[in-house]
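K.L.:
I would like the atomic coordinates for the input below:
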Amino acid sequence: MTRRAPWRAQPAAGLGTVLTRRRLFAGLAPILGTAAAAKFTGLGQAAEAGSGHGAPTAHARHSHAFQAGRAVDHQANGFNPSDIVRDFDMGQTSRLPDGRVLREWEIVAEDKEIEIAPGVKYPAWVYNGRVPGPTLRCRQGERLRIRFINASSHPHSIHFHGIHPANMDGVDRESGEVATGESFTYEFEAQPFGMHHYHCHTAPLAEHVAKGLYGVFIVDPEEGRPEADELVMVMNAFDTNFDFSNEIYAVNTVGFHYQNEPIRVKRNELVRIYLHNILEYDPVNSFHVHANFFNYFPTGTSLQPTEFTDTIMLAQGQRGILELRFPHAGKFMFHAHKHEFAELGWLGFFEVVD
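P.N.:
Prediction:
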């Protein structure tokens, strides 16, 4: 697939900078309001499912401007980021003849339109009805069995990051790529402990990831981790007009959600964040917390932190565990430290209470 250059306004004579639609929107929104700015720049557009793997066509596009005074309809979406942030799917467990734990899940891929900002609809591909997919959680050494059913109109797979046999890798028909209406069962040992993730690995790979087929996969160490208030944050974005350039940025899919509904935590309690960057079409993402520092455990594969900081940078697929305590009550902002991303949705608050 040839990458098309995103639309760019031509700079005025004598100016050396190039103004993208996203920068234009960020500049106009405080002046005109989000609805007018979106309509002016075209960033309120979303594409319906087009031909092939969802490539937009002229007749398939329709406009969804940001709508002032509205909130995203989480019930219609079938998921709420306020729930996703603390939702861990432990699957169903039983015992194998040798006494080991067998942990099982069923995951279904389907086509589903979701609302990613007030008035902005997006034709996503989803695992179990949501973006990101369920946060799968297990313990090191357990036997894992995941039955994957493809109810989508396109072939899909699940590729797990971790250690497993080649025939469970989800990269082709032999290892778990599934045609419409078919199923496949992935089975492997939970190794190594850490914070991993899973995503569709069917070509064109960038499109399958960008449209929502990904989720977090946590393998706890055998001895566990210290008790904490645990949060899952998946940094993602959406190319609403299919020009290979994102227009909406978020954590757990809905832009500005945690600004409107802050994440409540307790003062002095250990907070553990499972942070994952799955951003497509941008080379790097970041996380910054205001008025605090955190211990950082890259990929979560060591029990010793490598850094004590307030900002980290992650390329696509990178992830890690952040641990921190808030010594003061109040509202503390967190956001991407690329301000364009923050202004287009990747911004929220912790509300620290006694």
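K.L.:
okay, now the domains of this structure?
P.N.:
Using automatic domain parsing, the domains assigned to the chain come out as 18-48, 76-220, 229-353.
K.L.:
ok, the longest strand along the chain: who's next to it in the sheet?
P.N.:
For the chain, the strand reaching the highest residue count under DSSP state E is reported as strand 101-117. Strand 101-117 sits in its sheet next to strand 92-95 (antiparallel), strand 120-127 (antiparallel), strand 143-150 (parallel), going by DSSP bridges.
K.L.:
closest to residue 345 out of the ones you listed?
P.N.:
strand 120-127 (9.7 Å; C-beta to C-beta). Quick note: C-beta positions are derived from backbone N, CA and C, even for glycine.
K.L.:
Would you tell me what the next helix or strand after that closest one is?
P.N.:
Once strand 120-127 ends, the next helix or strand along the chain (criterion: DSSP states H and E) is strand 136-139.
K.L.:
from the chain's centre, how far out does that next one sit?
P.N.:
Put simply, strand 136-139 sits 18 Å off its chain's centre (C-alpha atoms, centre = their mean, to the nearest Å).
K.L.:
picking that back up, any idea which of the strands paired with strand 101-117 is most buried?
P.N.:
strand 120-127 (a mean of 23; mean count of other C-beta atoms under 10 Å).
K.L.:
and that one, average pLDDT?
P.N.:
Mean pLDDT, strand 120-127: 97.
K.L.:
related to what we said a few turns ago, and residue 328, which of the strands paired with strand 101-117 is closest to it?
P.N.:
Of the strands paired with strand 101-117, nearest to residue 328 by C-beta to C-beta is strand 120-127, at 35.0 Å.
K.L.:
Could you give the separation of the closest one from the chain centroid?
P.N.:
Relative to its parent chain, strand 120-127 has a centroid offset of 12 Å by C-alpha atoms, centre = their mean.
K.L.:
Let's see the distance spanning stretch 270-289 from one end to the other.
P.N.:
Stretch 270-289 has an end-to-end distance of 15 Å (C-alpha to C-alpha, to the nearest Å).
K.L.:
Give the rounded mean pLDDT of it.
P.N.:
Stretch 270-289 comes out at a mean pLDDT of 97.
K.L.:
How about stretch 93-101?
P.N.:
pLDDT averaged over stretch 93-101 gives 96.
K.L.:
mind listing the helices in the chain by residue range?
P.N.:
Using DSSP state H, the helices assigned to the chain run over residues 21-32, 34-41, 74-77, 81-84, 205-210, 257-260, 339-343.
K.L.:
Which strands and helices lie in contact with the last one?
P.N.:
Meaning helix 339-343. helix 21-32 (3 or more C-beta pairs under 8 Å, 6 or more residues apart in numbering; DSSP states H and E).
K.L.:
chain center to stretch 269-281: distance?
P.N.:
9 Å.
K.L.:
And it, what's buried?
P.N.:
271-281 (16 or more other C-beta atoms under 10 Å).
K.L.:
So what would you say the end-to-end distance of it is?
P.N.:
Across stretch 269-281, first to last residue, C-alpha to C-alpha, it's 36 Å.
K.L.:
What ranges in the protein fall below the confidence cut-off?
P.N.:
When residues are selected by pLDDT under 70, those of the chain lie in 1-69.
K.L.:
beta partners of residue 215?
P.N.:
Bridge pairing for residue 215 (DSSP bridges) gives the partners residue 198.
K.L.:
out of the strands paired with strand 101-117, nearest to residue 255?
P.N.:
strand 120-127 (7.9 Å).
K.L.:
can I get the CA coordinates of that closest one in CSV?
P.N.:
Output of strand 120-127 as CSV, limited to C-alpha atoms (Å, rounded to 0.1, in the frame of the first residue of the first chain):
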residue,chain,number,x,y,z
VAL,A,120,-16.9,11.5,15.8
LYS,A,121,-17.7,8.0,14.6
TYR,A,122,-15.1,5.6,13.4
PRO,A,123,-15.5,2.2,11.6
ALA,A,124,-13.3,0.1,13.9
TRP,A,125,-12.3,-3.5,13.9
VAL,A,126,-12.6,-4.8,17.5
TYR,A,127,-11.7,-7.7,19.8
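K.L.:
Distance of residue 89 relative to residue 176?
P.N.:
19 Å (C-beta to C-beta, to the nearest Å).
K.L.:
Near residue 286, how many other residues are there?
P.N.:
Neighbourhood size, residue 286 [other C-beta atoms under 10 Å]: 17.
K.L.:
right, I mislabeled it, should have said residue 250
P.N.:
Neighbour count for residue 250, taken as other C-beta under 10 Å: 27.
K.L.:
Over to residue 203?
P.N.:
14.
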